[in-house]
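>>> Could you work out the structure for the sequence below:
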Amino acid sequence: MLLLRSPHTIAQELFEANDIAQLQPGHRWPAREISGDCVFLDARQALSELQGRDVPLAQLGQSWWVFAASGTGDAWLMSLDGQQRIGFLDHDDGQDAIVQPMALDFGQWLQLADLMRQWETLADELDEEALAAPLNALLEQISPGLSQRYPYTI
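Now for the predicted structure:
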């Protein structure tokens, strides 16, 4: 079944990184598709995503930087204030897009991405509806209200 793993365990497995607090623009971590909607970008890809988006209300490069993307053009953002606050940018909103605060830090985002990876794997074998309740319960353990804030349908 679904398992909520430690952010440090996930970071070590995916990036061979011991200190997730050090993630910032210009990092040296490799790109990784963690789940379909959570694709971690290497520094070059992140800079390209940042520069390629025309969303003035989101204050990209000033308040936020792109560190991950979805397979559909949405972006996961991290605050530039050193707090590692996570935001979401919906590409469907076009130039009027604003950052949707996710009330997560980077470690919690790793847990979210890892849970979604597990869910995608299990959904191929089991009934997605049967997995929805356990998944939502684990999302709530990561951050209260996350099951409602998560931008995709489960």
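>>> any idea how far Q100 is from S70?
Separation of Q100 from S70 (Cβ to Cβ, to the nearest Å) stands at 13 Å. No exception for glycine: its C-beta is placed from N, CA and C like everyone else's.
>>> contacting residues around stretch 125-140?
1-2, 4, 112, 115, 119, 122-123, 146-147, 150, 154 (Cβ atoms under 8 Å, 6 or more residues apart in numbering).
>>> Pull out the buried members of those residues.
2, 112, 115, 119, 122-123, 146-147, 150 (16 or more other Cβ atoms under 10 Å).
>>> out of those residues, which are inside helices?
If you go by DSSP state H, those have 112, 115, 119, 122-123, 146-147 in helices.
>>> Please name whichever of those residues scores lowest on pLDDT.
Lowest pLDDT within those is found at A123 (78).
>>> Apart from its neighbours in sequence, what residue is nearest that one?
L131 (6.1 Å; Cβ to Cβ, 6 or more residues apart in numbering).
>>> Next: A75.
Closest residue to A75 apart from its sequence neighbours, by Cβ to Cβ, 6+ apart: L89 at 4.3 Å.
>>> pretty sure that neighbour contacts A97?
Yes - L89 is within contact range of A97, at 5.4 Å (criterion: Cβ atoms under 8 Å).
>>> Need the overlap of contacts for the two.
By Cβ under 8 Å, 6+ apart, the residues touching both L89 and A97 are 55, 58.
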